[in-house]
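Asks: here are the coordinates; sequence isn't available:
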DNA sequence: ATGATATGCAAGTATTTGCTTGCAAATTTA
DNA sequence: TAAATTTGCAAGCAAATACTTGCATATCAT
C-alpha cells in the first residue's frame, strides 16, 4: 500500500528526476519518455504514476496518447526546505555558525582551546 | 545491500529531515536526538547512519557520546537541482514556458489555434 | 473492419526500507 | 571496581519499492 507519497519521496529516485528533466520544458507522451530509459515501459509508467500522485506532473490525454506535463511549482516545497538551510551554509550565517561551533573566540590573541579535546 | 545512498534519497525520509532540522544549528548527541522521536534508538541510529553515509552529517566522538553535526553544504546538490527548475516556474521564464506550451501567439489579434487541438 | 500503436492494469518477484529486540563494548561515575 | 550511561552491531520481520511479463482496451491509419 502506497504510504508516503510526497515530493521529497518522488524526487529521491534518479529515474524520476530524469523524467522531470525531460518534461520540464514541454509535455512529452509516455512512450517517448519510456524510450529514453533502459527499463520497461511499465516501470516508467509506475514512475509517472508516482510523480502524478504527488502533483509533480499532470497528464493530458490526447487521443490515444498521454502527454506528461511537469508541474514544477510543486518543487517549491523542496526549494523552501533547502533554502532555510542554504542561509546557514553560505555567507554571514555560515560564519556565525562556524564561530559558534568552533566554541572559541577568534580574537587575534593566543589560542585558548577548551580542555575537551580528546587524545 | 545498500545500493543508492545519495542526498536526495537521504532527505526523502521525514524523520531524517527532522533530524537535520535538529542538528542544523549545533551538534547534538545521539540519545538526545533519539529522545525526540517515537521510534527506538536503534531506528534513529540507522537514520543517522544513512545521513552520515551520504555526507549530510559528521560524527564527533566525545568520550562515550557522539555528537552529530550537520554538513549542510551537502544540500547544495539538491539546491542546485531545484534551482534550475525554479527559474522555470517563476518570473519571466515561466511566462516564456507557458507561452511555448500554450502553442499560441498571445498577440492582441484574433485567436489562431492550430488544428492539433483534439476533441 | 483490421492491424498497428499507445497505454493501463494485474500478478509475481527480488531488493530495499524502516523498525524492533537483545547483546556487547567503551566510558563515567559513585 | 561495580553500576549506570551511551552507543553500535546483528538477526529477524513486515511493508514498500522497482521491475517484469502478459493481457486487455482505446485509437488511428489502411
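Replies: Looks like it came in fine. The shown structure was predicted, so the numbers you read here are calculated from the model rather than taken from an experiment.

Asks: and residue A:52, what does it touch?
Replies: A:58, A:59, A:68 (C-beta atoms under 8 Å, 6 or more residues apart in numbering or on different chains). All C-beta atoms are positioned from the backbone trio N, CA, C, and that covers glycine.

Asks: what about the strands in chain A?
Replies: Chain-ordered strands for chain A, with DSSP state E as the definition, fall at A:28-29, A:57-62, A:65-70.

Asks: neighbouring strands for the first one, and are they parallel or not?
Replies: What it means is strand A:28-29. Using DSSP bridges, strand A:28-29 pairs in its sheet with strand A:65-70 (antiparallel).

Asks: try the second one
Replies: For strand A:57-62, sheet partners with direction are given as strand A:65-70 (antiparallel), following DSSP bridges.

Asks: Pull out the buried positions in the partner strand.
Replies: Using 16 or more other C-beta atoms under 10 Å in any protein chain shown as the test for burial, strand A:65-70 gives A:66, A:67, A:68, A:70.

Asks: mean confidence for stretch A:27-47?
Replies: What stretch A:27-47 shows for mean pLDDT is 96.

Asks: Span of that stretch from start to end?
Replies: Using C-alpha to C-alpha, to the nearest Å, the gap from the first to the last residue of stretch A:27-47 comes to 16 Å.

Asks: before we move on, what about stretch A:48-64?
Replies: 17 Å.

Asks: Is DNA strand D within reach of it?
Replies: Yes. Using C-beta under 7 Å from any atom of the strand, stretch A:48-64 comes into contact with DNA strand D via A:50, A:63, A:64.

Asks: closest to residue B:90 among those?
Replies: Within the residues of stretch A:48-64 next to DNA strand D, proximity to residue B:90 (C-beta to C-beta) peaks at residue A:50, which comes in at 24.5 Å.

Asks: Need the pLDDT of that closest one.
Replies: With respect to pLDDT, residue A:50 scores 96.

Asks: Could you list the contact residues of chain A toward chain B?
Replies: Contact residues (C-beta under 8 Å from any C-beta of the partner chain) of chain A with chain B: A:4, A:6, A:8-9, A:11-12, A:14, A:17, A:20, A:24-27, A:62-63, A:69-70, A:72-73, A:75-76, A:78-79, A:81-83, A:85-86, A:88-89, A:97, A:100-101, A:116, A:118.

Asks: one more time with 7 Å
Replies: Of all the residues in chain A, those in contact range of chain B (C-beta under 7 Å from any C-beta of the partner chain) are A:8-9, A:11-12, A:17, A:24-27, A:62-63, A:72-73, A:75, A:78-79, A:81-82, A:85-86, A:88-89, A:97, A:100-101, A:116, A:118.

Asks: so where's chain A shaky on pLDDT?
Replies: Low-confidence segments of chain A, defined by pLDDT under 70: A:1-4, A:91-119.

Asks: what do you get if the cut-off is 50, keeping everything else the same?
Replies: Using pLDDT under 50 as the threshold, the predicted model of chain A has low-confidence ranges A:1-3, A:103-119.

Asks: Let me know how buried the residue of it found nearest DNA strand D is, in neighbour terms.
Replies: Nearest to DNA strand D in chain A, going by C-beta to the nearest atom of the strand, is residue A:63, at a distance of 2.3 Å. Here the count is done by other C-beta atoms under 10 Å in any protein chain shown, and residue A:63 has 7 residues near it.

Asks: ok, now residue A:10?
Replies: By other C-beta under 10 Å, 27 other residues sit near residue A:10.

Asks: which one of the residues of stretch A:48-64 next to DNA strand D is nearest chain B?
Replies: Chain B lies nearest to residue A:63 out of the residues of stretch A:48-64 next to DNA strand D, by C-beta to the nearest C-beta, at 5.4 Å.

Asks: Much appreciated, bye for now.
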